[in-house]
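Engineer: generate a structure from the sequence data that follows.
(chains A, B, C, D, E and F, ligands or ions: 12)
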Number of protein chains: 6
Amino acid sequence: MNRPAYLLPAGEPPFVDRHYPKAAELLVGWDGVETLKGPTLIGVPISKPSISHSGASFTPAVVRKLFHSYSSYALDGEVDLRNSESLYDAGDIYMHATDIKESYLRIEKAVVSLVKENKDCLPMFIGGDHSITYSTIKALSISKNGKIGIIQFDAHHDLRNTEDGGPTNGTPFRRLLEGGVIEGENLVQIGIRNYSNSSHYHQYAKEQAITVYTMSDVKNSGILNIMKESIRFLKEKVDHIYISIDIDVLDQAFAPGCPAIGPGGMTSDQLLEAILLAGKEKTVCGLDIVEIDPTMDFRDMTSRVAVHCVLEFLRGRSCL
Amino acid sequence: MNRPAYLLPAGEPPFVDRHYPKAAELLVGWDGVETLKGPTLIGVPISKPSISHSGASFTPAVVRKLFHSYSSYALDGEVDLRNSESLYDAGDIYMHATDIKESYLRIEKAVVSLVKENKDCLPMFIGGDHSITYSTIKALSISKNGKIGIIQFDAHHDLRNTEDGGPTNGTPFRRLLEGGVIEGENLVQIGIRNYSNSSHYHQYAKEQAITVYTMSDVKNSGILNIMKESIRFLKEKVDHIYISIDIDVLDQAFAPGCPAIGPGGMTSDQLLEAILLAGKEKTVCGLDIVEIDPTMDFRDMTSRVAVHCVLEFLRGRSCL
Amino acid sequence: MNRPAYLLPAGEPPFVDRHYPKAAELLVGWDGVETLKGPTLIGVPISKPSISHSGASFTPAVVRKLFHSYSSYALDGEVDLRNSESLYDAGDIYMHATDIKESYLRIEKAVVSLVKENKDCLPMFIGGDHSITYSTIKALSISKNGKIGIIQFDAHHDLRNTEDGGPTNGTPFRRLLEGGVIEGENLVQIGIRNYSNSSHYHQYAKEQAITVYTMSDVKNSGILNIMKESIRFLKEKVDHIYISIDIDVLDQAFAPGCPAIGPGGMTSDQLLEAILLAGKEKTVCGLDIVEIDPTMDFRDMTSRVAVHCVLEFLRGRSCL
Amino acid sequence: MNRPAYLLPAGEPPFVDRHYPKAAELLVGWDGVETLKGPTLIGVPISKPSISHSGASFTPAVVRKLFHSYSSYALDGEVDLRNSESLYDAGDIYMHATDIKESYLRIEKAVVSLVKENKDCLPMFIGGDHSITYSTIKALSISKNGKIGIIQFDAHHDLRNTEDGGPTNGTPFRRLLEGGVIEGENLVQIGIRNYSNSSHYHQYAKEQAITVYTMSDVKNSGILNIMKESIRFLKEKVDHIYISIDIDVLDQAFAPGCPAIGPGGMTSDQLLEAILLAGKEKTVCGLDIVEIDPTMDFRDMTSRVAVHCVLEFLRGRSCL
Amino acid sequence: MNRPAYLLPAGEPPFVDRHYPKAAELLVGWDGVETLKGPTLIGVPISKPSISHSGASFTPAVVRKLFHSYSSYALDGEVDLRNSESLYDAGDIYMHATDIKESYLRIEKAVVSLVKENKDCLPMFIGGDHSITYSTIKALSISKNGKIGIIQFDAHHDLRNTEDGGPTNGTPFRRLLEGGVIEGENLVQIGIRNYSNSSHYHQYAKEQAITVYTMSDVKNSGILNIMKESIRFLKEKVDHIYISIDIDVLDQAFAPGCPAIGPGGMTSDQLLEAILLAGKEKTVCGLDIVEIDPTMDFRDMTSRVAVHCVLEFLRGRSCL
Amino acid sequence: MNRPAYLLPAGEPPFVDRHYPKAAELLVGWDGVETLKGPTLIGVPISKPSISHSGASFTPAVVRKLFHSYSSYALDGEVDLRNSESLYDAGDIYMHATDIKESYLRIEKAVVSLVKENKDCLPMFIGGDHSITYSTIKALSISKNGKIGIIQFDAHHDLRNTEDGGPTNGTPFRRLLEGGVIEGENLVQIGIRNYSNSSHYHQYAKEQAITVYTMSDVKNSGILNIMKESIRFLKEKVDHIYISIDIDVLDQAFAPGCPAIGPGGMTSDQLLEAILLAGKEKTVCGLDIVEIDPTMDFRDMTSRVAVHCVLEFLRGRSCL
Ligand SMILES: [Ca+2]
Ligand SMILES: [Ca+2]
Ligand SMILES: [Ca+2]
Ligand SMILES: [Ca+2]
Ligand SMILES: [Ca+2]
Ligand SMILES: [Ca+2]
Ligand SMILES: [Ca+2]
Ligand SMILES: [Ca+2]
Ligand SMILES: [Ca+2]
Ligand SMILES: [Ca+2]
Ligand SMILES: [Ca+2]
Ligand SMILES: [Ca+2]
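Structural biologist: Ligands and ions are numbered 1, 2, ... in the order given. Model (predicted):
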């Protein structure tokens, strides 16, 4: 027989407007064979390493769902992202239920394997908590030639010692430094906030020659100036730039759904402007968005910002 | 290349136990071609006809998702439903955004087409609100030979006049009677409740020779006795029995997620016992579960009862 | 001009079925002049005396709103309450914002005034917390001839000393006894629960010759037997019976919206059966329903039980 | 008898300060006879036409309730709105439960009838979803002489085709254009946002000569400049200006309770400044506020903005 | 100086009734030196091993807080638990943030150390998820002489293989069996439920000679009979009985706050009756309550049941 | 014996990083004997005087808990507050359950007693609702020499008459003026908002020579300029400045958890800048933060702002 009219397979959207492409249409499910080029979404659904209770492992699924809530079109510049590069969806890393170090190894191995065989793929990792960034950058450092610099948006340094709890979400950049994967002078931290860090780790950051822009710097200098300066600074020293977006860099009014919320952070407009600029920078080799906990959010507001980060990054690239 | 180890396509479950089959595995996505035999899930995602605000259109997706939260195995009788009939998933009816009557026609046409070409298919409709039942039974009456009798679990008669709001979720059985699709003497209503109906419609039910078991009857006689009596009574008069489960037949403590909640209803145990019995009855030709609103529920408790209704019905059939 | 068709004054229901009378229609707004006969709703919106944080002052408005969610018709006995006595709505007592004793005086004065001038009025107080019951019974004792006995449904004795916090919601029956308004032997407490009372106050209850039925008694003897026994017992000794329903007598599964929830209480069915019986008792001179906090409830489940208590009481009276 | 002291009719506020007039006192309930002059509130409680699930039909009641949470007095200019024009409350349009087109006709007929007989009435429609705007403007175009221009605050064009779902909340301005009720050059859209529209409909807007101010324009030029420019531009071409406020023009941080939320929108301050200016413009003949869903909101924050829009508009008019 | 009147140290209760001892007063904080005798509360705040997302690690703190919401007095038998044994609070096991196996070792070591030096201490573990039970029973088996039998209340067998995720909360009894810590014939499982287990593991249970009482058994035989039978059966074979209470043995209406909720479980009354009986049994050497997730609960309803389990167990012991 | 390794007393944090001091470590529990110097936290847990329902009495406990969520270190100026003055925690005032005036007396007496005996103590009161401010300032006026001036951050004047409800949270500054405790010319109000006050009380403010900065003033002049001007102005006339922070001075997007929310208020950044400045002012003799209701908040966002107010004030003082 034929499928009866109006009886659609489960999972189809409940309403379709023929002239309104959803951002979800940008997502090209990867068949595991085709060579990946350009931006590639990779879910990294892990939050058990978090110091505080976190459901960040639910974010990749929520972000994918929210691609159905927005279109592929930006009025600014009249860009339909469908006309730009494909955005591949490579799927999610399968995590171990009780062995966190094994989970990290799986991230690392999968990314090394992927990037080695798909040289032009630009992974966009959707966490998960921030602990994943050690593994994603480690993997890129293995599979890419040249030095990697990092622009980290975060309220926190994430330079905690690893003796007091192992490789938690407070430690990724410490581990990268201690593991020799990156050098402190190639790490730029933007949005670091009062009462969210300690003197000891701030000192460590300075000793490691990390460039730190606090929220006061952001208020005084403007996010675009800081971003341009950071890119210029890094490009002189590294071959690739990695963007790490801890969404708690935002003020709690704009991102109520991350574990460590508080006042005094960026607006979402500021972050999105910065990411658009990052998209325009060719040396960017990877990006992650972490520390969103959909179980604590209000109406997925925080994941919606993440989707806009992805889209603005793609829009930036469409200008290349 | 090959897909890297541990990088799974999006949508895969985050944990798999090789010896623990999920109820979701029972669901066989229909390819639109294969001949459907036995129980067939059909989503009917419509709630705009509801008198009060309802998000019942979200239920089919929630029910499908919850099949991942339960297994296919019942200790009672040691039945693994994987060893019984297949449960096809035929998908969802695609509704019109603003034309409710058109949506009803789509339900009717799709079901007629499906059942005519798949004589042995037993549709299990997941609503949606109760207004769908006119269309589903109408469609079965067209596509099947013989008379249809109905066992309706409900706090309400659903026999409202259609002048005061058209074909709402308060009218399906009135429309079936007035449309000559069924006869009052072939309709059995179980669980009808005080302060949830009017004298006028109760009178109408009596005039139409409808068999009405109130909640007092359920408390006094026991649900199993009433169920057995109802099946015996109908089998003498009709060729097919249709089961319509308005989940608000349950007490609000057991089903907090339907629009019209209140005290004084059944326990979920009582309903599940009744449905198990229905599953054992060969003349059952269709079933619906309606009036669950996931947007008002607590932790999908009400949809979880719906999943158990489906599973207990299947278990009943496994005894045939 | 004339009001345009379909433009209705604000506050009208969004859907009307001509054959479906809402329970709200039972409520006759009192004009302040007409002589009140029979059941009369009086809101007592006070919760500041509560020991723990309580929004019980919101209950009268919620209960009135919920009368729109149910009908006036009971299938049991085929009673349309519109054909029975009127249910007057005398309005709400206006409370003082910061002077709790003044608020109590207002309750007392208003009720004395009302009942003195309306001898046949049967007040049904919607609290508010349980502290109101001192004032309502005091007022009835002033305005009525003869002794008053009380049947109190409650998990708690409410016999706390008044030195440790004054006239809180833990003290109404202590104050009634100490004030000589009632005698201990004319007080029956039903549903008193383990771990919700102290030895000291249990002893006090015994010293005062209060009749105490614990939840174990309810489980062992059945609520109807206890209720019949209580009425028989009181009728031999008093002229009037007052029913005080602290909704926390219910198990938390059936009444999640009161400040002091816990397991081990009654089902709503049990309470409603008892109230129906109370309605059939001519000597009942007043009733209150207290300790519902709509701000902590789930979908007004607890207030819905209150509405059913009112309706079942009225149904009982329709049999007189 | 007389009503006892402190026993007030149900519905009275629980606290009254003799020197603090509530904004609710501005609302004059219309008796259906008196001639309406000036601002007139009309509830349009419909949300079934919405593409996504919406409870916008609850907004009129919530907005009326919130008038009790604010005063009638603005410190800016020391204006007590009680000394300005009356704000009539003409009530709510009674909607059909299942026939959406009939509901639209009811809006249209009621408004035509009202405005024809009350020439000086300035309707302020509280939606409902945005689909109502076709009917309200159509009605004004019938009942008023001269051309109507529109200033629409919205994240979206609302110019979708009507074949893919009929007259949804995505289509009102398309229907007005196609129906010849308005002309594209007389429509100004402010706040249109990236990833919330498609290229196709943006092209359509340009073809129709619609004036589009994106959020980037708002950020670059300032809302007051855009607003002044828009009014000046329209006044040269039309006789009346209609203001349509889709509250999703606001950033999700400021209006979390509309169906289509996202980052990148206006602040509530910006919107209120614009509406104050609109109030000062004599040619304004009507206004609507739509797309608030109180069932998805947090503490009615979004409806509170709507109340402030109404009050600021009135304050603007007090300067006329 | 002296502390001013009415200025109390932070953390004191906001209201004290001199005659109403809180259950919290039963808790005697352990000084780490005193010899522990009798019931001893030990928090085991770990939930990272859970298969599904769980905040069970928050339960010990919530349970302690709720001891302030109940009294120490049971009307049944007129028992004030203050007059019985002390209930020591030994504190919480400090967990490793990222190394789950290390956390298990800490549980085991701490309990071995505690019980070895405090022979008469009866540990009552407040989980945490069910994975802790391997470690707690292992520790008891090391520190006690003689065989241990187990009565497990649970919807699930918890006999999953450990290859597919390591030592998750689905595996504790499998690990105990495979580790030779207990024997299958000394394990009694009560409340095992349909669609919450697989055929494979049910088979395994039978092969291991585990005694399984399903929910059907509970309904047919009564919980007290099953409980008595289980104790009698175990006492013939073992020296000590350990009680493991997975709160998901309850129906979702009675325990909405555990990760794996569903219909068809026990009532809280049934469980409490069983635990009272367990308290009366001298051979009981330990008890745990697990799988409560306060972050998913409604008003701590599920943790309230846990508190009542502890109190009823103590009451049982007061009869010894 | 010794406490087993890893078994910590209840209440210890679940994770400790040796190099990350929590802000909670700043809090030094007062032993009731030691002389208090400098900033001293005092909880004032009262909200029953509130005009609208309020759970502000829960705030002191929530604020203390949140000190565990932030560190003691500010990057700005590289200040570790541990190196500055101690922050004593003197505990909470014990309130009367039903006698509000008695509660006020307790506040007054406790503060007088405390400050008289600890001349150098700078009390920081955590409310509670705003009604406490009469008592705290009254107490300071008794125990300190010289005049007190006030900087009040608030959307409201709080100058209501006391006849219409007694000493509510709408009256503290009226009572201070009428009681002769302060003079109008020494009161500065910042952030007063449209539609949140009445003409009558605005007039009263002017008659009393109160300095009023509206939100329009804040937008036009900048919070820092207003703050500097206010301090300069007051210092010429008074000996001590008291800072009263009604958190509803913030826009609802930044402080969703106070009873009287609305649009049009300050950002949290603006408030924090002002408080930092206040900290730098030696004449400040006391401070309160009021009108936070944690029961209505989202993820304690509003209490988090309060914690930052405390920390920024301390940072300001570290510059003295
Ligand atoms: Ca961070
Ligand atoms: Ca981080
Ligand atoms: Ca129904
Ligand atoms: Ca129905
Ligand atoms: Ca009680
Ligand atoms: Ca009580
Ligand atoms: Ca729109
Ligand atoms: Ca829109
Ligand atoms: Ca278990
Ligand atoms: Ca379990
Ligand atoms: Ca204030
Ligand atoms: Ca205020």
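
Engineer: would the helix or strand containing residue A:278 count as contacting chain D?
Structural biologist: Using DSSP states H and E, residue A:278 falls within helix A:268-279. Yes. Remark: helix A:268-279 sits within contact range of chain D at A:268-269, A:272, by CB under 8 Å from any CB of the partner chain. Glycine gets a C-beta too; all of them are placed from N, C-alpha and C.

Engineer: what residues does that helix touch?
Structural biologist: A:151, A:153, A:190, A:218, A:223-224, A:227-228, A:231, A:241, A:243, A:245, A:249-250, A:254-255, A:284, A:287, A:305, A:308-309, A:312-319, D:219, D:251, D:253, D:263-264 (CB atoms under 8 Å, 6 or more residues apart in numbering or on different chains).

Engineer: just the closest residue of chain A to ligand 12, please.
Structural biologist: Closest residue of chain A to ligand 12, CB to the ion: residue A:263 (18.7 Å).

Engineer: residues touching that residue, list them.
Structural biologist: Applying CB under 8 Å, 6+ apart to residue A:263 gives the contacts A:251-253, F:254, F:268-269, F:272, F:301, F:304-305, F:308.

Engineer: my read is it is in a helix, agree?
Structural biologist: No. Going by DSSP: H, G, I helix; E, B strand; the rest coil, the assignment for residue A:263 is coil, not a helix.

Engineer: what about it, distance to residue A:216?
Structural biologist: 14 Å (CB to CB, to the nearest Å).

Engineer: please apply the same query to residue A:90.
Structural biologist: 39 Å.

Engineer: which of those two has more neighbours?
Structural biologist: Counted by other CB atoms under 10 Å in any protein chain shown, residue A:90 and residue A:216 do not tie: residue A:90 has more neighbours, with 27 against 16.

Engineer: now that one. Its backbone dihedrals?
Structural biologist: Dihedral angles of residue A:90 (phi, psi; degrees, to the nearest 10) stand at phi -80, psi -10.

Engineer: over to residue A:153?
Structural biologist: Torsion angles at residue A:153 (phi, psi; degrees, to the nearest 10) stand at phi -90, psi 120.

Engineer: what does stretch A:48-56 rub up against?
Structural biologist: A:45-47, A:57, A:100, A:103, A:127-129, A:131, A:165-170, A:259-260, A:290-296, E:48, E:53, E:55, E:57-58, E:97-98, E:295, F:15.

Engineer: now do the buried residues in stretch A:71-85.
Structural biologist: Neighbour counts over stretch A:71-85 (16 or more other CB atoms under 10 Å in any protein chain shown) mark A:71-75, A:79-82, A:84-85 as buried.

Engineer: could you do stretch A:149-162 as well?
Structural biologist: By neighbour count on 16+ other CB under 10 Å, the buried set for stretch A:149-162 is A:149-161.

Engineer: next, format these as a markdown table and append distance to residue D:185 and pLDDT.
Structural biologist: What follows is those, written out as a markdown table (distance: CB to CB, whole Å; pLDDT from 0 to 100):
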| residue | distance to residue D:185 | pLDDT |
| --- | --- | --- |
| A:149 | 51 | 98 |
| A:150 | 51 | 98 |
| A:151 | 45 | 98 |
| A:152 | 49 | 98 |
| A:153 | 43 | 99 |
| A:154 | 48 | 98 |
| A:155 | 48 | 98 |
| A:156 | 52 | 98 |
| A:157 | 55 | 98 |
| A:158 | 54 | 98 |
| A:159 | 59 | 98 |
| A:160 | 61 | 98 |
| A:161 | 66 | 98 |
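
Engineer: OK, now which residue of the stretch 101-250 of chain A is nearest to ligand 6?
Structural biologist: For the stretch 101-250 of chain A, CB to the ion, closest residue to ligand 6: residue A:195, 44.6 Å.

Engineer: I'd say that residue and residue A:215 touch.
Structural biologist: No. Assessed by CB atoms under 8 Å, residue A:195 is found out of contact with residue A:215, at 10.9 Å.

Engineer: so between those two, which is more surrounded?
Structural biologist: Remark: of residue A:195 and residue A:215, residue A:195 carries more neighbours, 25 against 22, as counted by other CB under 10 Å.
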